[in-house]
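Colleague: quick check, what structure comes out for this input:
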Amino acid sequence: METREAAQRFVRVWRRAWAEHDVDALLELYAESCVHRSMPFREPHRGRAELAEYLRWSFAAERVTDVRFSAPVVGAGGVAVAEFRVLAEEEGAPITLAGCVLARFDAAGLAVETRDYWHTVEGHREPEDTLFLG
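Modeller: Below is the predicted model:
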């Protein structure tokens, strides 16, 4: 599978599945032996089982109201990056989570390595510009 096609599928499925907390749909995007870093200095989640555990933990306290992903920017070597913004509530309080995901895909179009960089703020906020999330 071409990297562009894999990356487009990745953001399309993540947009829907994050909103619905559909962990099974997300896991289908990843190779069995994937490595995911949810933040640069956290221990990685190795394999689908650890990723599933992390996703279920992440989704447990959040009620999502809106998920947006940019079109992926595709580079060499099966690598792509996309920006995301999520409006949610945690413990009844509105939050905005904004960040980006870097992904490397194998020939089958599965993510073998992903890394997220993100930040949350209180309240629901729109991005300051529309470079990616237009």
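Colleague: tell me what the host helix or strand of Arg9 is packed against?
Modeller: Using DSSP states H and E, Arg9 sits in helix 3-20. When contacts are defined as 3 or more Cβ pairs under 8 Å, 6 or more residues apart in numbering; DSSP states H and E, helix 3-20 packs onto helix 23-27, strand 62-69, strand 73-74, strand 79-90, strand 93-105. Any C-beta I mention is one placed from the backbone N, CA and C, and that applies to glycine too.
Colleague: select, out of those, the one closest to Glu43.
Modeller: strand 93-105 (17.5 Å; Cβ to Cβ).
Colleague: how far away from the center of its chain is that closest one?
Modeller: Distance, stretch centre to chain centre, for strand 93-105: 6 Å (Cα atoms, centre = their mean, to the nearest Å).
Colleague: what angle do it and strand 79-90 make?
Modeller: Per axes from the mean of the first three to the mean of the last three Cα atoms, to 10 degrees, the angle that strand 93-105 makes with strand 79-90 is 160 degrees.
Colleague: report the buried residues of the helix holding Arg9.
Modeller: Across helix 3-20, burial judged by 16 or more other Cβ atoms under 10 Å covers Thr3, Ala6, Ala7, Gln8, Arg9, Phe10, Val11, Val13, Trp14, Arg15, Ala17, Trp18.
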